[in-house]
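**Student:** attaching a predicted model along with its sequence, questions to come.
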Amino acid sequence: MAYIPARSLTGSFLDLLVERLRKKTMGEWIKLGVMLCGFAVVTWSTVQNLEYRMDKIEKSFDEHLDKHDVQYDQIQKTLTLIQIDVGRINKQ
């Protein structure tokens with residue numbers, strides 16, 4: 001691999017990093033690329049797994065709320081019937 005000569009370096013961290021990256025061989029670049037690809041695959045897999053779990057939680061929560069709505073309607077009807085019965089009893 002061709003070596004690109006460095007310009008005058010002042011010794012800063014960024015300059016040292018650039019210098020080290022320029023001295024990397026092709027094998028080291030391949031290792032770095034494989035590592036980055038592996039990291040990308042693991043990250044993508046984790047995100048997909050989290051999305052799946054969130055969708056599952058949202059679906060179950062919506063079902064739970066629907067059940068509560070049905071129960072609320074039933075309770076409301078029962079209370080209305082009780083109020084009507086109490087009103088009839090008070091009139092007698």
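**Tutor:** In hand now; what should we look at?
**Student:** for this protein, which spans come out with low pLDDT?
**Tutor:** Along the chain, segments meeting pLDDT under 70 span 1-11.
**Student:** what about the longest helix in it?
**Tutor:** Across the chain, the longest stretch assigned as helix under DSSP state H is helix 26-91.
**Student:** for that one, packing partners?
**Tutor:** When contacts are defined as 3 or more C-beta pairs under 8 Å, 6 or more residues apart in numbering; DSSP states H and E, helix 26-91 packs onto no helix or strand at all. From N, CA and C alone the C-beta is placed, and that goes for glycine too.
**Student:** distance from the chain centre to it, please.
**Tutor:** How far helix 26-91 lies from its chain's middle: 13 Å, per C-alpha atoms, centre = their mean, to the nearest Å.
**Student:** who's sitting farthest from the centroid in this structure?
**Tutor:** The centre of the chain is farthest from one residue, residue 92, which by C-alpha atoms, centre = their mean lies 62.9 Å away.
**Student:** that residue and residue 78: what is the separation?
**Tutor:** 22 Å (C-beta to C-beta, to the nearest Å).
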